[in-house]
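> structure of the sequence below:
(one chain, ligands or ions: 2)
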Amino acid sequence: MERTFAIIKPNAFIAGNAGKIIARISAEGFSIIGLKKLYLSKREAEGFYYVHKDKPFFGELTDFMSSGPCIVMVLEAKDAIKKWRDLMGATNPANAAEGTLRREFGDSLEANATHGSDAPETAAFEISYFFSGLELL
Ligand code: ATP
Ligand code: MG
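Ligands and ions are numbered 1, 2, ... in the order given. Next comes the predicted model:
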């Protein structure tokens, strides 16, 4: 089994779609190992997206991520990292396939409803950024 890290972003939370996304996660066979709602500060969002600090969209992305509540989760499944990215769909909702979460709940490239780790190393960093070992028992 593999673990990945997921976020329900503020646009999806504010629109009232968190419950539908969590139901879909369960229906697709992930185990939810950790889950909490939080409201990121700008500084916390900048720390999370540190790898993108030199990108032109860094300021807007971290403003958006600290504009409302998020739900952060640790998901477990066989090949969880790829399985979750497949369920999310393409980064830009306009390019995301029918049946994916970003197609259904994404509003724009930035407000694309969900986040998912892209590799085992990033999953380990992202999980530890938000969860202690005790929260994942
Ligand atoms: P995520 O890391 O959120 O799962 P991703 O791996 O598909 O998405 P990244 O390239 O890591 O995409 O970009 C991180 C986030 O930054 C994207 O989810 C998106 O919201 C935002 N983003 C990416 N490219 C752009 C862009 N050109 N303009 C604005 N926002 C962008
Ligand atoms: Mg990414």
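> near ligand 1, which residues of the protein show up?
Neighbours of ligand 1 within the chain, by CB under 6 Å from any ligand atom: F57, L61, T91, L109, E110, N112, H115, G116, D118. (Glycine included, C-beta is placed from N, CA and C.)
> could you double-check that the first one sits in contact with N112?
What it means is F57. No: between F57 and N112 there is no contact under CB atoms under 8 Å: 12.0 Å.
> as CSV, the residues of the chain next to ligand 1 with secondary structure would be great.
Formatted as CSV, those follow (DSSP: H, G, I helix; E, B strand; the rest coil):
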residue, secondary structure
F57, coil
L61, helix
T91, coil
L109, coil
E110, coil
N112, coil
H115, strand
G116, strand
D118, coil
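> more crowded one of F57 and N112?
More neighbours surround N112 than the other of F57 and N112, with 25 against 12 (other CB atoms under 10 Å).
> just for this structure, where's the confidence low?
Across the chain, nothing is flagged by pLDDT under 70.
> please, where are all the strands along this protein?
Applying DSSP state E to the chain gives strands spanning 2-8, 31-38, 70-77, 114-116.
> which of the ones you listed sits closest to L87?
strand 114-116 (8.3 Å; CB to CB).
> what lines up beside that closest one in the sheet?
Strand 114-116 has the following strand partners under DSSP bridges: strand 2-8 (antiparallel).
> now do the strand it pairs with against strand 31-38, angle only.
Comparing the axes of strand 2-8 and strand 31-38 via axes from the mean of the first three to the mean of the last three CA atoms, to 10 degrees yields an angle of 30 degrees.
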